[in-house]
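Peer 1: Below is the structure, and that's it, no one-letter string:
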């Protein structure tokens, strides 16, 4: 794959200004920097070991699913041509067709039916099933009420789910539990998937403590390392934890070089804000092709992106909530594309705001929210309260981000807003 330089990508984007980027401009840039991959290493795994992995090639069904016409319920099978158009239909029951084997008796004749169980093969000449509870049974006779059943009802056709030779799953899909079941229904014990994306992470700064270190004045424990690694784990990435790297040029250089050798992508937090007195930005510029952005968003204004050789780099802000928001908005979709994942970006759904929110047009805001269902069944959302970018507890209290778009102004109570649900992401 021929990679474009950052300058080439920037030149193709209208109005590109790294010091004043909108969220849509950032998303457009990253689609060029990290385009959807159609290649990469592949491995074959047992279905149950392939959860959330990305499918490496189309899965073509070797069989029809279902493999034969069968009954969709317990009831009585008969020929639809026996149904009367003017009065209830009376049929004689002459046997019992069970799931797991074809009917071995003589073919039912006109006016005859078979008791049948769910999943049983439809005997030759029979094309309709009526549920037990819909008929009157007297001895070996059943009466089907007029107009309650029509020819072909309650019969599942051979191949109606998936036909032999049809693509059952497409390259680039994530293998969800539903996909596991689909693969099993085709009799396929293994599946070809992309190898895990390797992502290296380290936090930067002299004020950052690792767990187990003795507290000291002015220092804080590193939470970003744990949230980012957790987000990567949810994506099915192989994450490489390089810990906390102090603001020392020799140790920073070693961390970047190790990360570039071991990983497909590097994520750091801290050290990318304008005017920060550290060496992170200088080393990024020295070691790679990097741009430093100021994004019209809240939280998460500063961000760095680029490459060290073949390895993509993301420099995220240092505040805990800003790290998670920029990851969800920008890094996660880029990593999915690097993994060859064709799934759509996170779905935004509409909910009614339960409170007024002040919003300045000209930037995108991501507020932590709690989505619930109102008494009339519609979705509603309220904020978690304090929206400071260091209030990490709000990401635990909330179940969604309220997305207030670039051109959007103040929100009144009752206004509809977009929300990005956390389910499956964090």
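Peer 2: Cool, the structure landed. Remember, it's a predicted structure, so these values are computed and weren't measured experimentally.
Peer 1: Which residues does stretch 18-27 contact?
Peer 2: Residues from elsewhere that reach stretch 18-27, judged by Cβ atoms under 8 Å, 6 or more residues apart in numbering: 10, 13, 15-16, 29, 291-297, 303, 329-330, 333, 363-364, 405-406. Bear in mind the C-beta positions are built from the backbone N, C-alpha and C, glycine included.
Peer 1: what about that stretch, start to end distance?
Peer 2: With Cα to Cα, to the nearest Å as the measure, stretch 18-27 spans 13 Å from end to end.
Peer 1: gap between it and the chain center?
Peer 2: Counting by Cα atoms, centre = their mean, to the nearest Å, stretch 18-27 is centred 24 Å from the centre of its parent chain.
Peer 1: quick one on the thing from earlier: among the contacts of stretch 18-27, name the buried ones.
Peer 2: 29, 291-293, 295-297, 303, 329-330, 333, 363-364, 405 (16 or more other Cβ atoms under 10 Å).
Peer 1: mind giving me a markdown table with those and columns for secondary structure and distance to residue 254?
Peer 2: Shown next, in a markdown table, are the buried ones among the contacts of stretch 18-27 (DSSP: H, G, I helix; E, B strand; the rest coil; distance: Cβ to Cβ, whole Å):
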| residue | secondary structure | distance to residue 254 |
| --- | --- | --- |
| 29 | helix | 29 |
| 291 | strand | 24 |
| 292 | strand | 22 |
| 293 | strand | 26 |
| 295 | strand | 29 |
| 296 | coil | 35 |
| 297 | strand | 32 |
| 303 | strand | 23 |
| 329 | helix | 30 |
| 330 | helix | 27 |
| 333 | helix | 30 |
| 363 | coil | 37 |
| 364 | strand | 36 |
| 405 | coil | 41 |
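Peer 1: Closest one of those to residue 93?
Peer 2: residue 333 (59.0 Å; Cβ to Cβ).
Peer 1: Could you list the buried residues of stretch 115-123?
Peer 2: So, applying 16+ other Cβ under 10 Å, buried residues of stretch 115-123: 115-116, 119-123.
Peer 1: which parts of the lengthiest helix in the chain are buried?
Peer 2: Ranked by residue count under DSSP state H, the longest helix found in the chain is helix 249-262. For helix 249-262, a neighbour-count test (16+ other Cβ under 10 Å) marks 252, 255-256, 259-260 as buried.
Peer 1: try stretch 398-415
Peer 2: For stretch 398-415, the neighbour count (16+ other Cβ under 10 Å) marks 398-405, 408, 411 as buried.
Peer 1: Can you pick out the most distant pair from those residues?
Peer 2: Pairwise across the buried residues of stretch 398-415, and taking Cβ to Cβ, the largest span is found between 399 and 408, at 21.5 Å.
Peer 1: What is the end-to-end distance of stretch 37-46?
Peer 2: End-to-end distance for stretch 37-46, by Cα to Cα: 23 Å.
Peer 1: Actually, stretch 7-25.
Peer 2: Start-to-end, stretch 7-25 (Cα to Cα) is 15 Å.
Peer 1: same question, stretch 327-347
Peer 2: End-to-end distance (Cα to Cα), stretch 327-347: 16 Å.
Peer 1: what is the mean pLDDT for that stretch?
Peer 2: Stretch 327-347 comes out with an average pLDDT of 91.
Peer 1: Report the buried residues of that stretch.
Peer 2: Buried residues in stretch 327-347, defined by neighbour count with 16+ other Cβ under 10 Å: 327-341, 346.
Peer 1: Return the distance of the residue lying closest to residue 195 once chain neighbours are set aside relative to residue 99.
Peer 2: Closest residue to residue 195 apart from its sequence neighbours, by Cβ to Cβ, 6 or more residues apart in numbering: residue 41 at 4.1 Å. Here the distance between residue 41 and residue 99 works out to 43 Å (Cβ to Cβ, to the nearest Å).
Peer 1: So which of the two has more stuff around it?
Peer 2: Neighbour count, other Cβ atoms under 10 Å: between residue 41 and residue 99, residue 99 has more, with 13 against 8.
Peer 1: Phi first, then psi, for residue 49.
Peer 2: With angles defined as degrees, to the nearest 10, residue 49 sits at phi -100, psi 0.
Peer 1: hmm, back to that, can you give the strand pairings for the helix or strand that the longest helix of the chain is followed by, parallel or anti for each?
Peer 2: Following helix 249-262 in sequence order, the next helix or strand is strand 265-269 (DSSP states H and E). With DSSP bridges as the test, strand 265-269 is paired with strand 198-204 (parallel), strand 311-316 (parallel).
Peer 1: Average pLDDT for strand 265-269, rounded please.
Peer 2: 96.
Peer 1: One more: stretch 408-425?
Peer 2: For stretch 408-425, mean pLDDT is 92.
Peer 1: Repeat that for stretch 164-177.
Peer 2: 95.
Peer 1: begin at 728 from here
Peer 2: Sure, I'll start numbering at 728, so the last one becomes stretch 891-904.
Peer 1: Next, the residues that contact it from outside, please.
Peer 2: If you take Cβ under 8 Å, 6+ apart as the criterion, stretch 891-904 is touched by 763, 765, 774, 777-792, 889, 906, 909-910, 913, 918, 920, 1067-1070.
Peer 1: host element of residue 738?
Peer 2: helix 733-739.
Peer 1: quick one: which helix or strand includes residue 910?
Peer 2: Using DSSP H and E, residue 910 falls in helix 904-912.
Peer 1: How far away from the center of its chain is that helix?
Peer 2: Distance of helix 904-912 from its chain centroid, counting by Cα atoms, centre = their mean, is 16 Å.
Peer 1: now do stretch 1109-1119
Peer 2: 25 Å.
Peer 1: What residues sit buried inside it?
Peer 2: Applying 16+ other Cβ under 10 Å to stretch 1109-1119 flags 1109-1111, 1114, 1116, 1118-1119 as buried.
Peer 1: buried set for the helix holding residue 910?
Peer 2: Buried positions in helix 904-912, judged by neighbour count with 16+ other Cβ under 10 Å: 906, 909-910, 912.
Peer 1: Can you name the next helix or strand after that helix?
Peer 2: Next element after helix 904-912 (DSSP H and E): strand 917-921.
Peer 1: my guess is residue 1135 meets residue 1088, correct?
Peer 2: Yes - counting by Cβ atoms under 8 Å, residue 1135 touches residue 1088, with 6.6 Å between them.
Peer 1: so how many other residues sit close to residue 803?
Peer 2: Neighbours of residue 803 under the rule other Cβ under 10 Å: 25.
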